[in-house]
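Chemist: The amino acid sequence is not available; the structure is as follows:
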């Protein structure tokens, strides 16, 4: 099986995406996770551009990385000066990294317009920079910026730029589709030509401006590239970079190339979601391979088929990439959906019982009222367990009150007063928050923390409100979806009401109840080998 080396640039190119900002601590956490996944190179940043990256390169030396080499990014020397006097090149050396990735111009238009020098001087800038870094013992990866545009406009000169890098000692030449505008056949033709011209490894760095970042990367590998660059979740400037979450499994599972070990590949979904959490973004539900909907089934006919054989509607086993099959239950669901979901939860449900039919009708009625269980698996699980008599009510609400006050120029003040019964004991608490929902959350946690101190480890990750009947204006019914996390797992709950506070309370209570039941099941599982499926397993 041919090896393809994976070069992750999430920490550098990924942070150029709009709204993406990572602290040094964030970058160190992501670097550890990428190393666990088995990527071969981690591009940490551009030490010549900011102090944050300089600090990262200093602190990353303390990480006990097992697989990845850390690479520092920079450009070729400036025109008209020796490489040894170039500040950016020397900043790379000062980091102490073993790998440098430097970019230079391949497109004659850019040479003459952007950096305003001669074509001959540009070739010298490439060769001098590579030679200088090689003379200090670094592995040098040369990035041929705008290569495919240059190849289309002046093929001979574009080839001369990569030949100059190779002749100067570059260990790998990476062809960059910097504007992301090349189609797969153009990528393949250019990569094939360069591979025929050079005796060193050739790589690909694709952007996604035409939604072809992954396709172009696969085409490049098929044409001879053996080094692949990209980012996790496709983060990056404009439309992003080639998404390694799709590149890696396609290469390994579909094209018979080796990228990482099989065990590491099973960590792909976890890595994608971890990086998303750190970057304060969300993995798109329909993102291939790692999205929550990637192996989700809603249509009754589909579900009936996958119960017989999952390959009827799944192109791979989701476990290969660390994901899982999901059966969605909604107003479109038939008995197959409910049976599959119940089976996943180890509930004793048979096809033709009156209770099963009643539960299906209940779900359809609730969804007609505005509930949406396909996006709230935790609420659905609680509903099913209650319907089949397997739900313990850890706490029950007796009452709550809210006070929202605005006085003069002072900020809003939100206070919540909650009375709940926990294991038979009535608890009354009060708490403030930066809004009514936050105040309710704080008050409820305050009531429960005595019994469940671990509740401090979970928090709300996302809160969405959707108006269901917009024609009713401010009196409209709303649906509240809450995503919660404990940094290891995430789960979604739903609430619906014509009162936004009540809908929020429903979703909030479901979220906390689901997590607490999962904790209790985990405690039981530590004493007995079999626990309940579906609930969060800590």
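Modeler: Sure, I can see it. These numbers were taken from a predicted model, which means no experiment stands behind them.
Chemist: Any idea how far stretch 506-518 is from the middle of the chain?
Modeler: 24 Å (C-alpha atoms, centre = their mean, to the nearest Å).
Chemist: Show me what it is in contact with.
Modeler: Outside of stretch 506-518, the residues within contact range by C-beta atoms under 8 Å, 6 or more residues apart in numbering are 376, 378-379, 381-382, 391-395, 397, 437, 440-441, 444-445, 448, 452, 455, 458, 460, 480-482, 484, 486, 491, 493-497, 535-538. (Each C-beta comes from the backbone N, C-alpha and C, glycine too.)
Chemist: Repeat the analysis, applying 7 Å as the threshold.
Modeler: With C-beta atoms under 7 Å, 6 or more residues apart in numbering as the test, stretch 506-518 has contacts from 378-379, 381-382, 392, 394, 397, 440-441, 444, 452, 458, 480-482, 484, 486, 491, 493-495, 497, 535-538.
Chemist: the helices in the stretch 51-200 of the chain, which residues?
Modeler: Counting by DSSP state H, counting those that start in this stretch, the stretch 51-200 of the chain has helices at residues 51-59, 87-95, 108-113, 119-135, 147-153, 155-167, 184-197.
Chemist: Determine which stretch of those is the most buried.
Modeler: helix 147-153 (a mean of 23; mean count of other C-beta atoms under 10 Å).
Chemist: so what secondary structure elements neighbour it?
Modeler: Helices and strands touching helix 147-153, by 3 or more C-beta pairs under 7 Å, 6 or more residues apart in numbering; DSSP states H and E, are helix 108-113, helix 155-167, strand 172-177, helix 184-197.
Chemist: helices or strands up against the first one?
Modeler: Using 3+ C-beta pairs under 7 Å, 6+ apart as the contact test, the elements touching helix 108-113 are helix 119-135, helix 147-153.
Chemist: where in the stretch 1-150 of the chain is pLDDT low?
Modeler: For the stretch 1-150 of the chain, applying pLDDT under 70 flags no range at all.
Chemist: can you rerun that using 90?
Modeler: 1, 48-51 (pLDDT under 90).
Chemist: And for the spatially closest residue to residue 103 that is not a sequence neighbour, the neighbour number?
Modeler: Excluding its sequence neighbours, the residue lying closest to residue 103 (C-beta to C-beta, 6 or more residues apart in numbering) is residue 143, at 3.9 Å. Residue 143 is flanked by 27 other residues according to other C-beta atoms under 10 Å.
Chemist: show me what contacts residue 143?
Modeler: Residues counted as contacts of residue 143 (C-beta under 7 Å, 6+ apart) are 101-103, 174, 176, 205.
Chemist: Pull up the gap between it and residue 517, please.
Modeler: Separation of residue 143 from residue 517 (C-beta to C-beta, to the nearest Å): 51 Å.
Chemist: Looking at the helices and strands packed on helix 108-113, which is nearest to residue 1?
Modeler: With C-beta to C-beta as the criterion, residue 1 lies closest to helix 147-153 of the helices and strands packed on helix 108-113, at 27.7 Å.
Chemist: what's the pLDDT at the residue lying farthest from the centre of the chain?
Modeler: Note on the chain: the largest C-alpha distance from the chain mean falls to residue 408, namely 43.5 Å (C-alpha atoms, centre = their mean). Reported pLDDT at residue 408 in the predicted model: 82.
Chemist: can you check residue 466 too?
Modeler: With respect to pLDDT, residue 466 scores 83.
Chemist: host element of it?
Modeler: Remark: residue 466 resides in strand 459-467, with elements defined by DSSP states H and E.
Chemist: Tell me the helices and strands packed up against that strand.
Modeler: The contact analysis (3+ C-beta pairs under 7 Å, 6+ apart) places strand 459-467 against strand 478-485.
Chemist: Let me know the angle separating the helix or strand that the strand it packs on is followed by from strand 478-485.
Modeler: The helix or strand immediately downstream of strand 478-485 is strand 490-497, counting by DSSP H and E. Orientation check (axes from the mean of the first three to the mean of the last three C-alpha atoms, to 10 degrees): strand 490-497 against strand 478-485 gives 160 degrees.
Chemist: burial measure for the closest residue to residue 15 other than its chain neighbours, as a count.
Modeler: With sequence-adjacent residues excluded and distances taken as C-beta to C-beta, 6+ apart, residue 15 is closest to residue 22, at 5.6 Å. When neighbours are counted by other C-beta under 10 Å, residue 22 registers 21.
Chemist: Is it correct that residue 22 is in contact with residue 14?
Modeler: No. Counting by C-beta atoms under 7 Å, residue 22 sits too far from residue 14 to count as a contact (8.3 Å).
Chemist: one step back: check which helix or strand the residue nearest to residue 15 maps to.
Modeler: For residue 22, there is no host helix or strand (DSSP H and E).
Chemist: which residues does it contact?
Modeler: With contact set as C-beta under 7 Å, 6+ apart, residue 22 has these partners: 11, 15, 279.
Chemist: quick one: low-confidence ranges for the stretch 301-450 of the chain?
Modeler: 301-313, 324-397, 405-413, 422-425, 434-435, 437-438, 450.
Chemist: closest one to residue 467 among the helices of the stretch 51-200 of the chain?
Modeler: Proximity to residue 467 (C-beta to C-beta) singles out helix 51-59 among the helices of the stretch 51-200 of the chain, at 40.9 Å.
Chemist: coming back round to it: please tell me how far the residue farthest from the centre of the chain sits from residue 477.
Modeler: Distance, residue 408 to residue 477, using C-beta to C-beta: 34 Å.
Chemist: The residue nearest to residue 201 when sequence neighbours are not counted: neighbour count?
Modeler: Residue nearest to residue 201 in three dimensions, not counting chain neighbours: residue 172, with 4.6 Å by C-beta to C-beta, 6+ apart. Residue 172 has 24 neighbours, counted by other C-beta under 10 Å.
Chemist: And the one 3 residues further on, by the same measure?
Modeler: Residue 175 has 32 neighbouring residues, counting by other C-beta under 10 Å.
Chemist: show me the contacts for it.
Modeler: If you count contacts by C-beta under 7 Å, 6+ apart, residue 175 has them with 144, 147-148, 190-191, 194, 202-204.
Chemist: Any idea what the residue lying closest to residue 71 once chain neighbours are set aside is bridged to?
Modeler: Spatial nearest neighbour of residue 71, excluding adjacent residues (C-beta to C-beta, 6+ apart): residue 99 at 4.0 Å. Under DSSP bridges, the beta-bridge partners of residue 99 are residue 71, residue 139.
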